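A.B. asks: Show me how the following folds:
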Amino acid sequence: MKCLEESRIDPMKSPILVPMSYPDITEEERQAVRAVLETPNLSMGPQIDAFEASIAEYVGAKHAIAVNSGTAGLHLCVRAAGIEQNDLVITTPFSFVASTNVLLFEKAIPVFVDVDPATGNLRPELVEQAILDLEKGGEAARRWLPRKGAETPGKVKAILAVDVFGQPADYDALRNIAEKYHLKLIEDSCESLGAEYKGVKTGLFGDYGVFAFYPNKQITTGEGGMIVTNDDKAANYMRALRSQGRAPGDTWLQHTYLGYNYRLDDMSAALGRVQMSRIEELLRNRQQVADWYAERIAEIRGVEVPGLVPDTTRISWFVYVVRFDTSLNRDAIAAQLNDSGIPVRPYFLPIHLQPYLVNQFGFKPGDYPVTENLGNRGLALPFSGRMTEIQVDLVCRKLQDILRQ
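C.D. replies: Okay, the predicted model is just below:
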């Protein structure tokens, strides 16, 4: 392992030696936000259009629709897909809870299938088996349905896939399944802006995709999200829903649909527009930090670095999650790292074992063993494009010191 050089971090000034994450903001972004504050257009102004255009051009989308969070974007996709009460949606238990919550908002029933142990993404063969069994009904269907809360299940309506930690799901297989069974495919790309599957950027493999811009993401608007789609009708509908259900031609006090206030403000959009002008720089910086980690962690026994599959021609690093050998106590290691000023956190906690989902659907430990294994072994280390090599050294040396004990 490379020697730790003279550190610019003074541990006497702060108990946190390395931030968990840190947004990469320059003076150009600050000036763009200040410029908006000098205008009357703090909402629904020209910066929204400019930010949407930058995302649409980057991923090759016909439509980009700015919203105030990735969750809001996913919810609008669920509405656009026509998902309603008791409809079944095949999705993953290994994700942030928002990908399931947006189904529950519409009283749909999430049908979880377990994930690939290497990537944490949906396994297409299990997705198709679940669809076939649910169509058969009876005992075959009960294998996939929750123990309770699904007494009157409807038909399978959609697949909601997640690009876990910035690595794309297997979209050729998932899209073929969706087309074969006439299902909508929603792409949760909230963690994968800039990632590529077989040379194509994420976002448009499904009927609609969503990016998110929380401060730990590849670009940030503070809070915010962006829907991308090539579907004209769905785009118009989702634009209406994000602004209180106002359809084209409606006045300010007319509302064709039941909608929401999911709009993004112009200050955030201005920040996002400048961030997008730097997107390749931001992605390169994150790749460099990931490379530093991979080099050092390869020398630490019992710790596994994130793995990429051949179809991932470019990963877009969102977080850096290592996995510990089952012989090691992940939680004890995490506690020691946190106590020493290195913030870390488990990633992800399985969705099906969240208390409200256990209460509603009766899920139990053991229902999705791969998801639970990944959740029990994974630990997110401090990560951002602003980390220095010295900081990565510090994290890895502290981790190795703890393991040697």
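
A.B. asks: Quick check: residue 30 vs residue 269, distance?
C.D. replies: Using C-beta to C-beta, to the nearest Å, residue 30 is found at 15 Å from residue 269. Any C-beta I mention is one placed from the backbone N, CA and C, and that applies to glycine too.

A.B. asks: Between these two, which is the more surrounded one?
C.D. replies: The neighbour count for residue 30 versus residue 269, taken as other C-beta atoms under 10 Å, is higher for residue 269 (28 against 12).

A.B. asks: In three-state terms, label the more buried one for me.
C.D. replies: Recorded secondary structure, residue 269: helix (DSSP: H, G, I helix; E, B strand; the rest coil).

A.B. asks: Give me the residues contacting whatever helix or strand residue 30 lives in.
C.D. replies: Residue 30 belongs to helix 27-37 when assigned by DSSP states H and E. For helix 27-37, contacts defined as C-beta atoms under 8 Å, 6 or more residues apart in numbering pick out 42, 45, 47, 266, 267, 270, 271, 273, 274, 275.

A.B. asks: Show me those residues that map onto helices.
C.D. replies: By the criterion of DSSP state H, membership of those in helices covers 47, 266, 267, 270, 271, 273, 274, 275.

A.B. asks: Could you dump those residues into CSV and include distance to residue 126?
C.D. replies: Below are the ones in helices among the contacts of helix 27-37 laid out as CSV (distance: C-beta to C-beta, whole Å):
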residue, distance to residue 126
47, 43
266, 43
267, 43
270, 43
271, 40
273, 40
274, 42
275, 36
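
A.B. asks: which one of those is nearest residue 222?
C.D. replies: Among the ones in helices among the contacts of helix 27-37, residue 271 lies closest to residue 222 (C-beta to C-beta), at 6.9 Å.

A.B. asks: OK, contacts around that closest one?
C.D. replies: Residue 271 touches 25, 29, 32, 33, 220, 221, 222, counting by C-beta under 8 Å, 6+ apart.

A.B. asks: next one: residue 140
C.D. replies: By C-beta under 8 Å, 6+ apart, the contact set of residue 140 is 132, 133, 134.

A.B. asks: Filter the ones in helices among the contacts of helix 27-37 down to the buried ones.
C.D. replies: For the ones in helices among the contacts of helix 27-37, a burial check counting by 16 or more other C-beta atoms under 10 Å picks out 47, 266, 267, 270, 271, 273, 274, 275.

A.B. asks: what two of these are the furthest from one another?
C.D. replies: 266 and 275 (14.6 Å).

A.B. asks: from the middle of its chain, how far away would the longest helix anywhere in the chain be?
C.D. replies: Determined from DSSP H, the single longest helix within the chain is helix 279-297. Mean C-alpha position of helix 279-297 versus that of the full chain (C-alpha atoms, centre = their mean, to the nearest Å) differs by 19 Å.

A.B. asks: tell me what the helix or strand following it is packed against?
C.D. replies: Tracing the chain past helix 279-297, the next element assigned as helix or strand by DSSP H and E is strand 303-304. Judged by 3 or more C-beta pairs under 8 Å, 6 or more residues apart in numbering; DSSP states H and E, the packing partners of strand 303-304 are strand 320-324.

A.B. asks: Name every strand pairing with the strand it packs on and say which way it goes.
C.D. replies: Here strand 320-324 is paired, per DSSP bridges, with strand 303-304 (antiparallel), strand 378-381 (antiparallel).

A.B. asks: separation between the nearest residue to residue 261 once chain neighbours are set aside and residue 257?
C.D. replies: Excluding its sequence neighbours, the residue lying closest to residue 261 (C-beta to C-beta, 6 or more residues apart in numbering) is residue 244, at 6.0 Å. According to C-beta to C-beta, residue 244 stands 9 Å off from residue 257.

A.B. asks: same deal with residue 179?
C.D. replies: Residue 179 is 28 Å from residue 257, by C-beta to C-beta.
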